[in-house]
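> Everything below, folded, please.
(chains A and B)
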Amino acid sequence: MISGLVQILLWQGLGELISHEWLKTIPGPVIGLVLLLGFLIWRDRVPDAMGLVADGLSQHLGLLFVPAATGVILFLPQLREHALAVFTALVVSVIATVAVTVMVLRILSGNNPHE
Amino acid sequence: MNKHLQIHEIWVYLSGSPLLALILTLSAYQIGFVVYQKTNRLPIANPVAIAVILVASALEIIGMPYDKYFQGAQFVHFLLGTATVALAIPIYRGFRGLRGRMIPLVIALVCGAATSIISAVTVARYMGASDDIVGALIAKSVTAPIAMGVAERIHTSPTLTAVFAVITGIMGAVVARYVFDVLGMRVWWQRGFAIGLAAHGIGTSRAFSVHPEAGTYASLAMGLHGILGAVVIPLIASYILN
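Residues are numbered from 1 along each chain as shown, chains lettered A, B, ... in the order given. Purely as a prediction, here's the structure:
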């Protein structure tokens, strides 16, 4: 398990380095993600230790953004003032996104509703 | 009196170390997760939403300012980057066995991602939301760990972005099935991809609980949308926010 974590941290480090030096607009971890994805496709398998760490992290991914999301208490007055706009924008957007995506997929894959 | 003093000393010690913030964060999430499981993974009983409400209430009660809490909780926060890199593994697993569908998936990804940004920004602007809020809406359909990194790059609030991402995820997990039913969409992989794209991690866990194929495609959509968002949003944000 530790070796999996070390490998992921190294890819993260490499991503941060590239982001800092050359690709400043892209967050380092995303560059690390893309590099690791390329590596996995090249090797055509996921090392066991790495799979174990990834499963643990993704199962409780939500925990990791609790500290930042709690910062919402600093924005409460602003959110209260614009509550209706925020709520409407989020609802409309999520429905439109789901609908457009699924319809594009259906049109492009031959319109068969019972594939 | 003496005993009172001791408790006070312990309190001062605890609140000065990262321990208190870590205990608060982890136990609040633990409670949220138990509730989530007890309600059969009801999207509305989202563990992150419950944890945020609990932590925020606790901070209010003990009178701890947010930045002091964050100093301790940043050790949890730091792992976000690591978890982002680790998303490569579910994406890789999703890639296998779908190569023939790659082109429709990529086109749907681009259309869905564009719809998500344009619809949210247009509605919020039209209804008079402030610039902070409009900016934080741009990345809200991208998975929260990546969305927050993107928010930093486009100089908007990572906190608001994370909160909007969580709310979007919950809403997507709740409403997606009705949208599919109204439109008559019954193909699992298409439903899965759409919900993963629009509602990232929360939608993906919903998709997995309904059908395994939907779940695999949802996590693929979430990952690809994360990568696309991280590359494209910083390039177009100044145009959207001008």
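
> Could you list the domains of chain B?
Per the record's domain assignment (automatic domain parsing), chain B is made up of the domains B:2-86, B:88-241.

> for chain A, same thing?
Under automatic domain parsing, the residue ranges defining each domain of chain A are A:1-63, A:65-115.

> Quick check, central residue of chain B?
Residue closest to the average C-alpha location in chain B (C-alpha atoms, centre = their mean): B:Ala144, at 3.5 Å.

> lowest-pLDDT helix or strand in chain A?
Comparing every helix and strand of chain A by mean pLDDT, DSSP states H and E singles out helix A:61-64 as the least confident one, with a mean of 82.

> How about the residue nearest to the centre of chain B, nearest residue that isn't a chain neighbour?
If you skip the residues right next to it in sequence, B:Ala144 has B:Ala165 as its closest partner in space, 4.3 Å away by C-beta to C-beta, 6 or more residues apart in numbering or on different chains. (C-beta placed from N, C-alpha, C; glycine too.)

> Low-confidence stretches in chain B?
B:1-5, B:14-16, B:97, B:99, B:242 (pLDDT under 70).

> if we go to 80?
Low-confidence segments of chain B, defined by pLDDT under 80, span residues B:1-17, B:41, B:43, B:96-100, B:205, B:209, B:240-242.

> Which parts of it are helices?
Per DSSP state H, chain B has helices spanning B:2-16, B:18-38, B:47-62, B:66-86, B:88-95, B:102-126, B:131-137, B:144-153, B:158-183, B:188-210, B:212-241. These are given in chain order.

> closest to A:His60 out of the ones you listed?
Closest of the helices of chain B to A:His60 is helix B:18-38, at 7.6 Å (criterion: C-beta to C-beta).

> what about the closest one and chain A, any contact?
Yes: between helix B:18-38 and chain A, judged by C-beta under 8 Å from any C-beta of the partner chain, the touching residues are B:Ala21, B:Thr25, B:Leu26, B:Ala28, B:Tyr29, B:Phe33.

> centroid residue for chain A?
A:Val30 (8.5 Å).

> residue contacts, it?
Taking C-beta atoms under 8 Å, 6 or more residues apart in numbering or on different chains as the definition of contact, the neighbours of A:Val30 are A:Gly15, B:Thr84, B:Ile146, B:Gly149, B:Gly226, B:Ile227, B:Ala230, B:Val231.

> Reformat the residues you listed into CSV and put neighbour count next to each item.
Listed next are these as CSV, based on neighbours: other C-beta atoms under 10 Å in any protein chain shown:
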residue, neighbour count
A:Gly15, 25
B:Thr84, 31
B:Ile146, 30
B:Gly149, 26
B:Gly226, 29
B:Ile227, 21
B:Ala230, 26
B:Val231, 16
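
> Which single one of these is nearest to A:Leu35?
Distances from the contacts of A:Val30 to A:Leu35 were compared by C-beta to C-beta; the smallest belongs to A:Gly15, at 6.3 Å.

> Could you find the closest non-adjacent residue to that closest one?
Nearest-residue entry for A:Gly15: A:Gly32, 2.8 Å, with adjacent residues in sequence omitted and distances by C-beta to C-beta, 6+ apart.

> which residues touch the one you found?
Taking C-beta under 8 Å, 6+ apart as the contact definition, A:Gly32 lies against A:Trp11, A:Gln12, A:Gly13, A:Leu14, A:Gly15, A:Glu16, B:Gly81, B:Thr84, B:Val85.

> can I get those residues in JSON lines with distance to B:Ala173?
Formatted as JSON lines, those follow (distance: C-beta to C-beta, whole Å):
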{"residue": "A:Trp11", "distance to B:Ala173": "30"}
{"residue": "A:Gln12", "distance to B:Ala173": "29"}
{"residue": "A:Gly13", "distance to B:Ala173": "34"}
{"residue": "A:Leu14", "distance to B:Ala173": "34"}
{"residue": "A:Gly15", "distance to B:Ala173": "30"}
{"residue": "A:Glu16", "distance to B:Ala173": "32"}
{"residue": "B:Gly81", "distance to B:Ala173": "25"}
{"residue": "B:Thr84", "distance to B:Ala173": "21"}
{"residue": "B:Val85", "distance to B:Ala173": "25"}
